[in-house]
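**Student:** show me how the following folds:
(one chain, ligands or ions: 3)
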Amino acid sequence: MECVKTLTTSRNNERFHRQEEMLAVIFLAIILGINAHPFDELHQYVDEHVEDYVQALREWVAVESDSSDATKRPDLHRMMDMTAEKLKNMGGEVEMVDIGSQELPDGTTIPLPKVVTAQIGKDSNKHTVCIYGHVDVQPAKKEDGWATDPYNLTDIDGKLYGRGSSDNKAPVLAWMHAVEAYQALDLDLPVNVKFLIEGMEETGSNGLDTMIVAKRDTFFSDVDYIIISDCGWLSRKPALTYGTRGNCYFFAEVEGPKQDLHSGVYGGTVIEPMTDLIGILDSLISPNGKILVPGIREAVAPFSDEEWKMYQDIDFNIETFKSKIGVSQLMYNNKVDLLSHRWRHPTVSIHGIEGAFSASGSKTVIPAKVTGKFSIRQVPDMDPAMVKKQVTDYLNSVFGKRKSPNKLKVTMIIGAKPWLADTKHALYEAGRAAVKRVFQMEPDLIREGGTIPIAQTFQDVTGKSIIMLPIGGFDDGLHSQNEKMNRYNYIEGTKLFISYLHEVAEIKE
Ligand SMILES: C[C@H](N)C(=O)N[C@@H](Cc1c[nH]cn1)C(=O)O
Ligand SMILES: [Zn+2]
Ligand SMILES: [Zn+2]
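**Tutor:** Ligands and ions are numbered 1, 2, ... in the order given. Take a look at the predicted model:
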């Protein structure tokens, strides 16, 4: 009897639990039904507008918005106007912020391109993100070795070739298109979106830090997170980026005779500025990549075991990397050394010599004044002010030992800090979720060897957390000949941004 009673009770319990489970499932389904995010509609909208997006990129790439060339400044101003116009058409509250002027090496001044800020949505119950990007580009000429006109976007096998296509015009447009997709489908934007688009990034973000300080308590007061998409993946796998190197860019000017001289008539009698310059440039770095400026290597943050493990776990093919850039040998042969020297160790690069004879032919000249241009990509815990002093003192001492009558002037024209984020922040969890939804895989967690001059200032001045969410391909050729953006990255990247806005809205903070 007792046994039958126990059996009945246990069956009742079982039924009760099953009913409870079913109710939970129905409840969940209702919740999901109400809150389900319409990704499919949004993604379909993106797929239906691919040609419009490519056309928008074509119009932007056609503008030669080279921030390093003062003669192109009218184009750069036009580019900023076009950016503002696009944001206005999206219903944004747009401001074109005057950030003053720039002094050129000859002492003249020209206006800096205005910074475009915009606000879309002002719901105090939502998070607010600020999308930062730039629409200026590096110089490009067809005769540099481009296969196509750099300012005429050319589609070859799904690769959209053009200067600034990947760095950074397509990613900026992709963010705008992501917001537009929500608007076009009459869907509530999951977060308020602000844009801050500048036109001097490629030359060190001149004037932007002052503007950020000035706008800390206005434009930035309600910003929760800053998102930057100005870099690429490491491989074919999507990535989240948590650090950039800084950059200290130097001019070393050596001045000798009052004018250029005939090398036959004067060679052997004068101490040539070019010989002095090559001598001091050669003293910066050894052939195997060791920086010779005292104090630089000592300032680098130690490489932890945890970091070593992270780098070791990254999927990275050295042979693909070599063939992409067309070299037979690299500075290091193993993945960890290679990645760490790309991302978290400093390096010296010599970029060019102004005043040198560089045309074709064989002019027999002794240039009277030459300016060597080099930069040091720096990393935590290096400090640009300290690097400036270390480099200037060192070059003056090396030059002094030459006992040359020529004059050396060393100036640091850019001092951009490195940036490092906390990958444990919810922004990175949101990034993982968005990548998984769009690409069905886990992203790589990577650093970037290049520099976002303003990134650390954003973090220091506003106190906000930053994520870099790249959509560029690993082989886009930024700053190089034949820069391109894959259609795939541009379009799937737009979907990634749509998803990311949703994921950020879910952050509980
Ligand atoms: C990474 C970004 N797309 C980029 O190319 N940044 C430039 C910024 C810079 C640094 N010094 C001068 N400009 C770069 O890393 O070269
Ligand atoms: Zn860039
Ligand atoms: Zn760039």
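**Student:** helix, strand or coil for whichever residue of the chain sits closest to ligand 1?
**Tutor:** Residue nearest to ligand 1 within the chain: Gly450 (3.1 Å; C-beta to the nearest ligand atom). Every C-beta, even on glycine, is put in place using the N, C-alpha and C of the backbone. Here Gly450 is recorded as coil under DSSP: H, G, I helix; E, B strand; the rest coil.
**Student:** so what's the residue count around it?
**Tutor:** 16 (other C-beta atoms under 10 Å).
**Student:** could you do Met200 as well?
**Tutor:** 22.
**Student:** now it: phi and psi?
**Tutor:** Note on Met200: its backbone torsions stand at phi -130, psi 20 [degrees, to the nearest 10].
**Student:** re the thing from before, touching, the residue of the chain closest to ligand 1 and Thr241? I think so.
**Tutor:** No - applying C-beta atoms under 8 Å as the test, Gly450 and Thr241 come out as separate, 10.1 Å apart.
**Student:** overlap of the contact sets of those two?
**Tutor:** Cys231 (C-beta atoms under 8 Å, 6 or more residues apart in numbering).
**Student:** which residues are contacting stretch 353-368?
**Tutor:** So stretch 353-368 is contacted by 255-264, 266-267, 270, 272-274, 277, 369-373 (C-beta under 8 Å, 6+ apart).
**Student:** let's go with 7 Å and repeat that
**Tutor:** With contact meaning C-beta atoms under 7 Å, 6 or more residues apart in numbering, stretch 353-368 is reached by 256-264, 266-267, 270, 272-274, 277, 369-373.
**Student:** please flag which of those residues sit within helices.
**Tutor:** Judged by DSSP state H, the subset of the contacts of stretch 353-368 located in helices is 263-264, 266, 273-274, 277.
**Student:** can you pull out the strands in the stretch 301-450 of the chain?
**Tutor:** 347-354, 365-366, 369-378, 407-416, 419-420, 444-448 (DSSP state E, counting those that start in this stretch).
**Student:** can I get those in JSON lines including mean pLDDT?
**Tutor:** Formatted as JSON lines, the strands of the stretch 301-450 of the chain follow (pLDDT from 0 to 100):
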{"stretch": "strand 347-354", "mean pLDDT": "98"}
{"stretch": "strand 365-366", "mean pLDDT": "98"}
{"stretch": "strand 369-378", "mean pLDDT": "98"}
{"stretch": "strand 407-416", "mean pLDDT": "97"}
{"stretch": "strand 419-420", "mean pLDDT": "98"}
{"stretch": "strand 444-448", "mean pLDDT": "97"}
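**Student:** need the ones you listed in TSV with distance to Ser165 and mean neighbour count, can you?
**Tutor:** Written out in TSV, the entries for these read as follows (distance: least, C-beta to C-beta, whole Å; neighbours: other C-beta atoms under 10 Å):
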stretch	distance to Ser165	mean neighbour count
strand 347-354	22	15
strand 365-366	38	18
strand 369-378	24	22
strand 407-416	23	17
strand 419-420	24	22
strand 444-448	18	22
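**Student:** any chance of JSON lines for those, columns distance to Val137?
**Tutor:** JSON lines is the format used below for the strands of the stretch 301-450 of the chain (distance: least, C-beta to C-beta, whole Å):
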{"stretch": "strand 347-354", "distance to Val137": "17"}
{"stretch": "strand 365-366", "distance to Val137": "32"}
{"stretch": "strand 369-378", "distance to Val137": "18"}
{"stretch": "strand 407-416", "distance to Val137": "17"}
{"stretch": "strand 419-420", "distance to Val137": "22"}
{"stretch": "strand 444-448", "distance to Val137": "18"}
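**Student:** minimum distance to Lys484: which of these has it?
**Tutor:** Of all those, strand 444-448 sits nearest to Lys484, with 18.5 Å by C-beta to C-beta.
**Student:** now do the helix or strand harbouring Tyr242: which elements does it pack against?
**Tutor:** Under the criterion of DSSP states H and E, Tyr242 resides in strand 239-244. Using 3 or more C-beta pairs under 7 Å, 6 or more residues apart in numbering; DSSP states H and E, the elements in contact with strand 239-244 are strand 419-420, strand 444-448.
**Student:** so who does Met412 touch?
**Tutor:** Contacts of Met412 (C-beta under 7 Å, 6+ apart): 248-250, 388.
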